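Colleague: Here is my input; please provide its structure:
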Amino acid sequence: MERSEMFLIVWLAFMACGFLGWYFSHRARHKEKLMLIEKGVSPEDLRKKEHRSKLSWAKVGIVVLGLSIGLLSISIFITQLHLINDSPATIMAILGICGGTALVLANRIDHKKND
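Modeller: Numbering: from 1, shown residues only. Next up is the predicted model:
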């Protein structure tokens with residue numbers, strides 16, 4: 001099998017998985033709404049709950065920024081300071097520490113915003 005054929009198969013598989021994931025989550029959410037409406041919950045209450053449960057993009061941005069700072073520090077340590085050998089464990093540890101710190105920071109900022 002050629003490289004382009006393999007790329008096409010992998011790309012189609014990713015697209016199919018993405019679509020099927022979206023489809024089944026959308027269908028489950030729709031069934032849940034119908035069941036709640038049948039039990040007597042008003043549609044306005046459903047909209048309020050949906051609005052509260054949306055993903056905080058500020059939180060995602062802070063985590064991505066933390067991982068980027070981790071990647072930048074890794075590249076500086078390797079190229080300029082020669083402090084880190086190319087060990088994957090060290091690189092993953094630095095990324096984990098920076099990403100985890102950013103996640104904790106984003107969680108604290110989100111809780112302060114909600115209070």
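Colleague: Kindly spell out which helices and strands sit in contact with the longest helix along the chain.
Modeller: Ranked by residue count, the top helix of the chain under DSSP state H comes out as helix 3-38. When contacts are defined as 3 or more C-beta pairs under 8 Å, 6 or more residues apart in numbering; DSSP states H and E, helix 3-38 sits against helix 43-52. Using the backbone N, CA and C atoms, a C-beta is placed for each residue, glycine as well.
Colleague: any idea which helix or strand of the chain has the worst average confidence?
Modeller: One helix or strand of the chain scores below all others by mean pLDDT, DSSP states H and E: helix 43-52, with a mean of 66.
Colleague: Show me what secondary structure element comes after it.
Modeller: Downstream of helix 43-52, the first helix or strand assigned by DSSP states H and E is helix 57-79.
Colleague: what's that next one packed up against?
Modeller: Using 3+ C-beta pairs under 8 Å, 6+ apart: helix 57-79 touches helix 88-114.
Colleague: residues of the helix it packs on that come out buried?
Modeller: 91, 94, 95, 98, 99, 102, 106 (16 or more other C-beta atoms under 10 Å).
Colleague: Return the residues in contact with the first one.
Modeller: Remark: with contacts taken as C-beta atoms under 8 Å, 6 or more residues apart in numbering, residue 91 is in contact with 74, 84.
Colleague: how much space between the residue nearest in space to the middle of the chain and residue 67?
Modeller: Of all residues in the chain, the one closest to the mean position by C-alpha atoms, centre = their mean is residue 60, 6.7 Å from it. Taken as C-beta to C-beta, to the nearest Å, the spacing of residue 60 relative to residue 67 amounts to 11 Å.
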